[in-house]
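**Student:** Show me how the following folds:
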Amino acid sequence: MTENKKMRILSALGIILIAAGHLELDYFTLGGLFPYYSFHVYIFLFVSGYFYQTDDEKHIGKFIVRKTKKLLLPYFCWNLVYGLLSLLLRNFDIMIGQEPSLRTLFVEPFLGGHQFMFNFPAWFVPALFIVEVINVTGRAFIGAIVTKLKCSNVAGKVDLIMGAGSLLVGIATVYLAMGGHVWGYWKTPGRFLIMLPGIYLGRVYKKAIEPFINNVIKKKFGKAGYYILYFGVILAVQLAMVNTLENLSFSTVWCQNFASTCVGPFLSVTTGVLFFLGIAELISEFKTSIGTKISSFFTLIGRETFGIMMHHMFVLFLINSVCFFVFKYNLGAEGFDALEYSTNVSYQYLYAGYHATHIINLALVVMVPSLIYGLIHSKKMNKPR
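**Tutor:** Predicted coordinates:
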């Protein structure tokens, strides 16, 4: 099957934005116009919805087994590894994460996913699994009803009902969260309910927006005109939102910090995802030798988003560990905070106070997992059968 480079590159941009957010590097927000936490998680929900196959509704059991192997099994294997690492490091007075237990190994991943901290960005993996299961079972149930009513275009009607329904439920969840009613264990279902509309944004784009762009807009205005119109509309809407809404950022994992209206988060998700989708499309169409290399670079990263999401904070910890060694033996690293290093997985040492260290760290936390996973996958593909 031909690789969809646009979506691969979009995934790459998404994981880079997530890593940049965790490293507090705000260069890619365009001066605060597109805050990371107003949309970046939804890039992966968008991609999931874009590639969703309605045939899975006929084989839900196989779908769940496939997703369990692809998402949950590797997640829980690494969760065990990081749990044991967290326990081991306590012997060296590094108190990062909780100790491994049945709860932290198997329950906490579905409640928040921050149990061992080294892999906290991967909270999204079990959450994505649950949302995809909710989606496929919900679609199958509604599809059975629509079919029984002998309606035409069953898939289209299921898209409409599930899409509109998930958006309304998501808006209601944000409304309740803003009123302080989504707390404690309620944050877990709340998280899934505000994530589900992201899948339907991908469905709407694939089924309606993308064909309209390709068959109407590009033919009428040409590529250059299309990009001017596309980015012009998105930027105009985004500027209007930034100037009218109190704050666009919110926490998806904890289902909180909604400072704008209950509709605002879904507006910012839409503009943010579509803006970087446009950038991904531009990169995918580079034709020069340098442009092709840039496109291939992002495609490589886009293939390894699981590894980057799972391990980029651990790579940061390894970087800090080198700095700690240098500091401990008086080889340099003045101003290194040993207490922060031993208790805060997000701590970054800025060499000589240079903010550029952030950029070096970002490159390393993204590229190290990409190269390792890419090498593993390459060997598997080339292995004789």
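
**Student:** Other residues contacting stretch 374-381?
**Tutor:** 300, 303-304 (C-beta atoms under 8 Å, 6 or more residues apart in numbering). To be clear about C-beta, it is placed using only N, CA and C from the backbone, and glycine gets the same treatment.

**Student:** is it true that residue 48 touches residue 200?
**Tutor:** No. With contacts counted by C-beta atoms under 8 Å, residue 48 stays clear of residue 200, the gap being 10.4 Å.

**Student:** who's more crowded, those two?
**Tutor:** Between residue 48 and residue 200, residue 200 has the larger neighbour count (other C-beta atoms under 10 Å), namely 24 against 19.

**Student:** in what helix or strand does that one lie?
**Tutor:** Applying DSSP states H and E as the criterion places residue 200 in helix 187-204.

**Student:** And that helix, what does it pack against?
**Tutor:** helix 42-50, helix 108-111, helix 124-148, helix 154-178, helix 264-284 (3 or more C-beta pairs under 8 Å, 6 or more residues apart in numbering; DSSP states H and E).

**Student:** what pLDDT, on average, does the helix or strand hosting residue 21 get?
**Tutor:** Using DSSP H and E, residue 21 sits within helix 5-22. Averaging pLDDT along helix 5-22 gives 97.

**Student:** what's it packed up against?
**Tutor:** Against helix 5-22 (3+ C-beta pairs under 8 Å, 6+ apart) you get helix 42-50, helix 264-284, helix 289-303, helix 305-328, helix 356-382.

**Student:** Using JSON lines, lay out these together with distance to residue 228 and mean pLDDT.
**Tutor:** Listed next are the helices and strands packed on helix 5-22 as JSON lines, based on distance: least, C-beta to C-beta, whole Å; pLDDT from 0 to 100:
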{"stretch": "helix 42-50", "distance to residue 228": "23", "mean pLDDT": "98"}
{"stretch": "helix 264-284", "distance to residue 228": "11", "mean pLDDT": "97"}
{"stretch": "helix 289-303", "distance to residue 228": "20", "mean pLDDT": "94"}
{"stretch": "helix 305-328", "distance to residue 228": "30", "mean pLDDT": "95"}
{"stretch": "helix 356-382", "distance to residue 228": "30", "mean pLDDT": "88"}
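
**Student:** so who does the nearest residue to residue 111 once chain neighbours are set aside touch?
**Tutor:** Nearest residue to residue 111, sequence neighbours excluded (C-beta to C-beta, 6 or more residues apart in numbering): residue 188, at 5.5 Å. By C-beta under 8 Å, 6+ apart, the contact set of residue 188 is 110-112.

**Student:** Considering those, which is situated nearest to residue 262?
**Tutor:** Nearest to residue 262 among the contacts of residue 188, counting by C-beta to C-beta, is residue 112 at 22.6 Å.

**Student:** quick one: contacts for the closest one?
**Tutor:** 123, 187-188, 253-254.
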